[in-house]
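**Q** 3D, please:
(one chain, ligands or ions: 8)
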Amino acid sequence: MKQPGTVEIYALPRLKYLKSFYGKMKKRITRGGFSLSIIFIYLLAVPVSSWSFRGKDSGLQIMLPPDKSVVSERLIGVVLSTHGNPETVLLTVNGKDYPPLRTKDSYICKEIGLTEGMNKIDLRVVGKDGVNKGKTLSIFLSSALSERLKSPPAGFRPYHFHRSEHVRECSRCHEMKARQSDANPGSPELSSCYACHKEITGYRFMHGSVSVWSCTRCHSGSDNELGSAGPVSKLCFSCHYNEMKTWTARKHAHGPFALGACTICHNPHASDDPFFLRKKTTDLCLSCHADKASGAHVVSGFSGSGHPVRGRPDPRNPKKELTCASCHNPHASDFAFLLFKDLGDKSSFCRTCHTF
Ligand code: HEC
Ligand code: HEC
Ligand code: HEC
Ligand code: HEC
Ligand code: HEC
Ligand code: HEC
Ligand code: HEC
Ligand code: HEC
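**A** Ligands and ions are numbered 1, 2, ... in the order given. The predicted structure follows:
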């Protein structure tokens, strides 16, 4: 069920008739109308990205990702078509080898993890005569939290998968249409998203709906494209209603919060850091406020050259580490500089944590 006010970001194929056409085709395959349907699909399937990287006889093709793509998230699917030939492919990502990949039913599909900035994906075929020459894909993982990684190098293009031309090819084997039950699948494997996006929950902290694979709570089956880190606050606030009421009533709003850019700081799905933050809190803040690293701003007007901003317990909240958020609210506050308390003559502020 769609939440009121949900931003529609899941892009399903536009050509509805094609979907039903392929649905019928798939049924025919399962019923045993095998060869005819397969031929049909071969005739219709437009290769996603079509260059082979071995001799003309082999025709091994890299379907995804397109070379020179820009992505904004770590995980990406590598899909190869071997056109019926049994193949073993060696996959190396930024110098790290994966176990050899073997063709299953003429396809090789593998979800891999990227690192920020430029990534090199090497693919080489193992033949009778040893390892053949391969292809290298360059994929740029951008980050809104880094000046250096905000914009990709010239010639790189954003890549969106859920478009009809890709979906056609994959629907031979994969369920490509969101089901009604995807809002509440019961177990991960029952979600139609699971087959291709398994790794998305492979982190320490998982967001409520994500941990139970209710993907379509946020990704509705509309035709809209998925935006990059844009104003998603409407979506977030459709469930976090109490936070919305509290924060929007406050006098001072933090820049990125006021823009509604929740996903600049929070991964919407999962992360190894609490609150699904994209970085540990202090590092997160420093990616935009690098000049505050020494904590000198805290003690300006006092003696001493700096103030700790990490690595100690937070006296107001001893279970947590001291971070920038120990003194500043990352969303909004009634007090100047987003502080948790009025600064007043400063020393009363300091005495919340100190006895001097
Ligand atoms: C056949 C495999 C497959 C299935 C099934 C699938 N996806 Fe994807 N999806 C991909 C690939 C490949 C990408 C491109 C990024 C990547 O490689 O992870 C992608 C990207 C996305 C994106 C980013 C926008 C875009 O179009 O690139 C969203 C959002 C998304 N998937 C949501 C879903 C949801 C929700 C479901 C289930 C209803 C689902 N996907 C099912 C393969 C799949
Ligand atoms: C001929 C059948 C077939 C086709 C066509 C196919 N896949 Fe797959 N795909 C599979 C199978 C089988 C698996 C499960 C592999 C496994 O678990 O080892 C899989 C798994 C995946 C995975 C997850 C891999 C992982 O590491 O968990 C992704 C992503 C994926 N497919 C994307 C795609 C996309 C995108 C397309 C279309 C371009 C596509 N597949 C076309 C058969 C296919
Ligand atoms: C709480 C809402 C929410 C839920 C639940 C959710 N997503 Fe997302 N997802 C988003 C938002 C928001 C974005 C855009 C991120 C951005 O703006 O940077 C996104 C982006 C994506 C993308 C593209 C970027 C990426 O992370 O690779 C994929 C793929 C994706 N979602 C898959 C899924 C799958 C699969 C599930 C179910 C396990 C799921 N999402 C559940 C909110 C959600
Ligand atoms: C479909 C409902 C839903 C949507 C939409 C949603 N959330 Fe959540 N969120 C939850 C639930 C459920 C929890 C877990 C319960 C809790 O701790 O409050 C949670 C927890 C969180 C937490 C951790 C809270 C804590 O105290 O540990 C953060 C951070 C968060 N969500 C951020 C977001 C952001 C950012 C968005 C928008 C991208 C968003 N949420 C959209 C349902 C949602
Ligand atoms: C500038 C970065 C940043 C932005 C932008 C941001 N958050 Fe947060 N958020 C944080 C940090 C840091 C924490 C953890 C605070 C702590 O350690 O106490 C947090 C905590 C949370 C929590 C859980 C605990 C709490 O404070 O209630 C929720 C829910 C949440 N954010 C939702 C959102 C939503 C929704 C948006 C967008 C409207 C948003 N955040 C925008 C950085 C951010
Ligand atoms: C994506 C960039 C970004 C991130 C990340 C970020 N900020 Fe900000 N911050 C801004 C912008 C933009 C402003 C408003 C412009 C200004 O006053 O410099 C701002 C202003 C502030 C202010 C001054 C507010 C005022 O009223 O004077 C404080 C304090 C602050 N941020 C603290 C934090 C803390 C703490 C974190 C980490 C939880 C953080 N920021 C993370 C961009 C960011
Ligand atoms: C121990 C409390 C405390 C901690 C920890 C702290 N701050 Fe501050 N911060 C303050 C106080 C107090 C002020 C007001 C300073 C003044 O009087 O000008 C302030 C002001 C600011 C301002 C706005 C004024 C300016 O100089 O631009 C920003 C931005 C800011 N802090 C960011 C950060 C960031 C980023 C961190 C983490 C690296 C951090 N703060 C850690 C107490 C703290
Ligand atoms: C949120 C709690 C908190 C607030 C508010 C706070 N501090 Fe601290 N301060 C700490 C912690 C924690 C330490 C580290 C104590 C330790 O090492 O055991 C610290 C250490 C210090 C130190 C010693 C620095 C060093 O490197 O040894 C000074 C000086 C100091 N604070 C001054 C101030 C002043 C001045 C203010 C008010 C502007 C202030 N603090 C506000 C938590 C706070």
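**Q** so which bits of the protein are right by ligand 7?
**A** For the chain, the residues in contact with ligand 7 (Cβ under 6 Å from any ligand atom) are 282, 285-286, 289, 292-293, 295, 297-298, 307, 309, 324, 326-328, 337, 343. (Each C-beta comes from the backbone N, C-alpha and C, glycine too.)
**Q** if we go to 5 Å?
**A** Residues of the chain lying close to ligand 7 (Cβ under 5 Å from any ligand atom) are 285, 289, 292, 297-298, 309, 324, 327, 337.
**Q** need the max-distance pair from those.
**A** Within the residues of the chain next to ligand 7, 309 and 337 form the most distant pair, 14.6 Å apart (Cβ to Cβ).
**Q** more neighbours: which of the two?
**A** Between residue 309 and residue 337, counted using other Cβ atoms under 10 Å, the more crowded position is residue 309 (21 against 11).
**Q** low pLDDT regions in the protein?
**A** Along the chain, segments meeting pLDDT under 70 span 1-59, 221-231.
**Q** and the stretch 51-200 of the chain, which of its residues are near ligand 1?
**A** Contact residues (Cβ under 5 Å from any ligand atom) of the stretch 51-200 of the chain with ligand 1: 76-77, 160-162, 170, 174, 178, 192-193, 196.
**Q** farthest pair in those?
**A** 76 and 178 (20.5 Å).
**Q** between those two, which has more neighbouring residues?
**A** residue 76 (23 against 19).
**Q** pull the distance from the helix or strand where that one lies to the chain's centre.
**A** Using DSSP states H and E, residue 76 falls within strand 75-81. Here the centre of strand 75-81 is set off from its chain's centre by 15 Å, with Cα atoms, centre = their mean, to the nearest Å.
**Q** tell me which residues in it are buried?
**A** 75-81 (16 or more other Cβ atoms under 10 Å).
**Q** circling back to that earlier point, need the buried ones from the residues of the chain next to ligand 7 selected in ChimeraX.
**A** To isolate the buried ones among those in ChimeraX, judged by 16+ other Cβ under 10 Å, type:
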select :285,292,298,309,324,327
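**Q** using JSON lines, lay out the residues of the chain next to ligand 7 together with secondary structure and distance to residue 241.
**A** Output for the residues of the chain next to ligand 7, formatted as JSON lines (DSSP: H, G, I helix; E, B strand; the rest coil; distance: Cβ to Cβ, whole Å):
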{"residue": "285", "secondary structure": "helix", "distance to residue 241": "26"}
{"residue": "289", "secondary structure": "coil", "distance to residue 241": "30"}
{"residue": "292", "secondary structure": "helix", "distance to residue 241": "32"}
{"residue": "297", "secondary structure": "coil", "distance to residue 241": "35"}
{"residue": "298", "secondary structure": "coil", "distance to residue 241": "34"}
{"residue": "309", "secondary structure": "coil", "distance to residue 241": "32"}
{"residue": "324", "secondary structure": "helix", "distance to residue 241": "27"}
{"residue": "327", "secondary structure": "coil", "distance to residue 241": "27"}
{"residue": "337", "secondary structure": "helix", "distance to residue 241": "27"}
